[in-house]
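K.L.:
quick one: sequence and predicted model below, then my questions.
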Amino acid sequence: MIEAEKASYPIKRMCELLEVSRSGYYKWRESRDSAPTPARRRRAELDIKVAKFHAASDGVYGLFRKWSAGKGVGIPVDWVVSVS
């Protein structure tokens, strides 16, 4: 939202209204524009794997079944729980 409106409104005021720090906004903007970190790449790979499991089950797999299937292809258990 800040990016879209920065030409019309001061960033300082928008950050105040949205209750975000200016330093946090600039840090986010810098990280968004930089190359993906190894953690971001791994997260993207996990997103794809979990999405495939979800699609293959027609969206009906329960948590235990997702956890069991995820273990077989190296998806960390805590990650499966966090996206369920």
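P.N.:
Sure, I can see it.
K.L.:
hey, let's count contacts and neighbours off CA atoms from now on
P.N.:
Will do.
K.L.:
got phi/psi on the one residue sitting closest to the centre of the chain?
P.N.:
The chain has residue 43 as the residue nearest its centroid, 7.8 Å off, counting by Cα atoms, centre = their mean. Note on residue 43: backbone dihedrals following degrees, to the nearest 10 are phi -60, psi -40.
K.L.:
against residue 20, how distant is it?
P.N.:
Computed as Cα to Cα, to the nearest Å, the residue 43 to residue 20 distance reads 25 Å.
K.L.:
could you pull up the contacting residues of the residue nearest to the centre of the chain?
P.N.:
In this structure, residue 43 makes contact with no residue, judged by Cα atoms under 8 Å, 6 or more residues apart in numbering.
K.L.:
any low-confidence regions in the chain?
P.N.:
In the prediction, the chain carries residues with pLDDT under 70 at positions 60-84.
K.L.:
domain-wise, how is it divided?
P.N.:
Domain ranges of the chain: 2-33, 38-83, per automatic domain parsing.
K.L.:
now residue 29: which helix or strand?
P.N.:
Assigned by DSSP states H and E, residue 29 falls within helix 22-33.
K.L.:
could you say what helices and strands that helix packs with?
P.N.:
helix 11-18 (3 or more Cα pairs under 8 Å, 6 or more residues apart in numbering; DSSP states H and E).
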